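A.B. asks: Give the three-dimensional model of this entry:
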Amino acid sequence: QVQLVESGGGLVQPGGSLRLSCVVSGFTLGDYTIGWFRQAPGKQREGVSCIGSDGTTYDYDSVKGRFTISRDHAKNTVYLQMNSLKPEDTAVYYCATDPYGRSCLTGELDGMDFWGKGTLVTVSS
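C.D. replies: Alright, predicted model coming up:
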């Protein structure tokens with residue numbers, strides 16, 4: 001049974017940092033591309049970062065240079081290190097599996113397979 005569980009969200013001031021975790025179970029971490037997505041109030045869900053089965057990473061322009069995606073096979077966990085946070089980063093953050101390694105790069109939500117329930121990040125002073 002595939003499961004993804006996000007954690008690490010919270011309230012942070014602008015310019016601050018947070019690290020999100022996505023613990024996966026039911027499959028081997030290196031078998032799939034894993035993506036981080038976010039959904040702000042009243043907006044569509046959008047892509048944030050992706051890490052491929054081979055470890056290649058991709059960051060969307062909105063977070064490039066500020067966010068870093070990584071993974072720890074021993075802990076079955078994918079991380080999203082978020083630095084220099086801005087109020088516009090406020091959203092619920094989700095991790096999801098990409099069975100064919102294409103949908104995460106294009107932000108095609110329908111192509112993502114399994115989703116976690118999300119963790120809320122609020123950036124505010």
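A.B. asks: three-state assignment of the most centrally placed residue in the chain?
C.D. replies: In the chain, the C-alpha closest to the average C-alpha coordinate belongs to residue 36, at a distance of 2.0 Å (Cα atoms, centre = their mean). Of the three states, residue 36 takes strand according to DSSP: H, G, I helix; E, B strand; the rest coil.
A.B. asks: Report the contact partners of it.
C.D. replies: Taking Cβ atoms under 8 Å, 6 or more residues apart in numbering as the criterion, residue 36 is in contact with 20, 22, 47-50, 69, 78, 80, 93-95. All C-beta spots, glycine's among them, are computed from the backbone N, C-alpha and C.
A.B. asks: one more time with 10 Å
C.D. replies: Shown here is residue 36, whose contacts under the criterion Cβ atoms under 10 Å, 6 or more residues apart in numbering are 6, 20, 22, 47-51, 59-60, 63, 67, 69, 78-80, 82, 93-96, 104, 116.
A.B. asks: And the closest residue to it other than its chain neighbours, which helix or strand is it part of?
C.D. replies: Closest residue in space to residue 36, ignoring its immediate chain neighbours: residue 48 at 4.2 Å, by Cβ to Cβ, 6 or more residues apart in numbering. Take DSSP states H and E as the rule and residue 48 turns out to sit in strand 46-51.
A.B. asks: and that strand, what other elements does it pack with?
C.D. replies: Counting contacts by 3 or more Cβ pairs under 10 Å, 6 or more residues apart in numbering; DSSP states H and E, strand 46-51 packs against strand 33-39, strand 57-59, strand 67-72, strand 77-82, strand 91-98, helix 103-106.
A.B. asks: buried ones in the second one?
C.D. replies: Spelled out, it's strand 57-59. Buried residues in strand 57-59, counted by 16 or more other Cβ atoms under 10 Å: 58-59.
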